[in-house]
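Visitor: What follows is a predicted protein model with its sequence.
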Amino acid sequence: MRIGIFETDHFEVTCATIRLFDHDQNNITVFTYEKSYRQLQFLLQHDMHKYEWIVKPEQQSKRRFINTIYNETKQRKIDLLFLNTITDNHLLYAWMIRRLKKVRVVVTLHDINNFFQFQPTFSLRRLIRIIGRRQLIRAVDEFNVIALTMVDHLKKKLPPGKQVHSLPGGLFDASAISNTPAPRHQVRIVVPGTVDERRRNYDQVFELLALCEKKAIPVMMILLGGYDAEHGKRILEKCKAYKNIRYYDAAIVDQPEFDKEMNEAHLVFTPSVINTIILDGVTETYGISISSGNLYDVVRHAKPWIIPQALTIPANMENGCIRYATVEDLLPHLQRLLREPSYYLELSNHALNHAARYTKEQVRLRNPSLFDHAGLHPLH
């Protein structure tokens, strides 16, 4: 089977998609942008040669690259085209999909509500985006979401006859896991992902640091991601007032550095803004209509997770989490982690158990319509 996979910036998601379809009987062509290609080189390493790469040159327009995807898909006789991220030019993608009549196309939706709910606008650009999203929904028969908790929400919004898959945004590989010892003198906490106030409540990060200092609880906080120029600059400025916090004054953190910090961390902290507006005035709900990439940072590195009480996650992941209603709720847990190594071992074992549900083999078995259907041979 000839498979095409397209990505703009969710390179971790596309790495998982490539791994899932990587099989002797499949030929994979990846269409991507230069910044994602660089990170995929880190992630795939010695396997890069197994795939064919078509990388958009920096100077090439996005519209022309869409035309390249169309032409290459036709010439290579691609059977399945997986479009992992579409953030612009929706009308052109819809046009391309309609013309690829013999190609099975799957589109990943990262922010569901934005494709179905529209705020009144006098902006021509926004109006074009609205029309484009509507056309894309009509043109596509199969969709993908990266979290199981998003499936029902999307199904309720789609017209009858559309299919919804759920391929995760990351896979678990036991050979890549490093066993982090229980904290003894300091708890290392990472907040992964682009520093963006729309997605995470960083005031809760600073509140936790202040409370830990007041209670003499030794912690080190790492903001593990580049920063969004518009929505993250205030956070970096505020970091300068605190001693026990590290951050990256860059647009992106390269994957080797990201993985190193994740492996050395004890806990992953995701202070999600549960109901948030990412684009065009439409409210998205984390865990329901949009998913944090942290879900799969936790899976890939098998780490215990700190999350808000209101965040929806897969039920099987609950016992590897520390939930909080207020930031102060976290203090007894941090004190216990320093006092009782067995508590950290318990949380880590739970995290490892739920991560093991996201191996290639397990995910393939849960998605037979993608891996046992339409010419795709069973991969288990």
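Guide: Received it, and whenever you're ready, just let me know what you need.
Visitor: domain ranges for the protein?
Guide: Residue ranges of the domains in the chain are recorded as 2-170+360-371, 174-357, according to automatic domain parsing.
Visitor: remind me which residues of the stretch 151-300 of the chain are low pLDDT?
Guide: Regions of the stretch 151-300 of the chain meeting the criterion pLDDT under 70 are absent.
Visitor: can you give me the helices for it?
Guide: 151-157, 202-214, 233-239, 255-264, 294-301 (DSSP state H, counting those that start in this stretch).
Visitor: Check those for me and report the most buried one.
Guide: helix 294-301 (a mean of 25; mean count of other Cβ atoms under 10 Å). All C-beta atoms are positioned from the backbone trio N, CA, C, and that covers glycine.
Visitor: Can you tell me what sits against that one?
Guide: Contact partners of helix 294-301, identified using Cβ atoms under 8 Å, 6 or more residues apart in numbering, comprise 12-13, 16, 146-147, 168-173, 176-177, 192-193, 259, 262-263, 265, 268, 270, 303, 305, 313, 317, 320, 351, 354-355, 358.
Visitor: Run the angle between that helix and helix 255-264 for me.
Guide: 80 degrees (axes from the mean of the first three to the mean of the last three Cα atoms, to 10 degrees).
Visitor: buried ones in stretch 240-253?
Guide: Under the neighbour-count criterion of 16 or more other Cβ atoms under 10 Å, stretch 240-253 has I245, Y247, Y248, I252, V253 buried.
Visitor: Now do the residue nearest to the first one when sequence neighbours are not counted against K233, distance only.
Guide: So that's I245. Distances taken as Cβ to Cβ, 6 or more residues apart in numbering put M221 closest to I245, at 4.5 Å, once the chain neighbours are dropped. Distance from M221 to K233, counting by Cβ to Cβ, to the nearest Å: 18 Å.
Visitor: residues in contact with the residue nearest to I146 when sequence neighbours are not counted?
Guide: In this structure, I146 finds its nearest non-sequential neighbour in G169, 4.0 Å apart by Cβ to Cβ, 6+ apart. Shown in contact with G169 (Cβ under 8 Å, 6+ apart): H10, E12, V13, A16, I146, A147, S291, G293, L295, Y296.
Visitor: Test my guess that W305 contacts S272.
Guide: No. Using Cβ atoms under 8 Å, W305 is not in contact with S272; the gap is 11.1 Å.
Visitor: Settle it for me: which of the two has more neighbours?
Guide: W305 (25 against 22; other Cβ atoms under 10 Å).
Visitor: And that one, how far from F206?
Guide: For W305, the distance to F206 (Cβ to Cβ) stands at 20 Å.
Visitor: could you dump stretch 116-127 to PDB, C-alpha only?
Guide: Backbone C-alpha positions of stretch 116-127 (Å, rounded to 0.1, in the frame of the first residue of the first chain) are rendered in PDB as follows:
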ATOM      1  CA  PHE A 116     -18.600  23.700  13.300                       C
ATOM      2  CA  GLN A 117     -19.200  26.800  15.300                       C
ATOM      3  CA  PHE A 118     -18.900  30.300  13.800                       C
ATOM      4  CA  GLN A 119     -19.000  33.700  15.300                       C
ATOM      5  CA  PRO A 120     -20.500  36.600  13.200                       C
ATOM      6  CA  THR A 121     -17.800  38.500  11.500                       C
ATOM      7  CA  PHE A 122     -17.000  41.400   9.200                       C
ATOM      8  CA  SER A 123     -13.500  40.100   8.500                       C
ATOM      9  CA  LEU A 124     -13.100  38.800   5.000                       C
ATOM     10  CA  ARG A 125     -10.300  36.500   6.000                       C
ATOM     11  CA  ARG A 126     -12.300  34.900   8.800                       C
ATOM     12  CA  LEU A 127     -15.300  34.500   6.500                       C
END
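Visitor: Next, the residues that contact that stretch from outside, please.
Guide: Under Cβ under 8 Å, 6+ apart, the answer for stretch 116-127 is I130, I137, K157, D280, G281, V282, T283.
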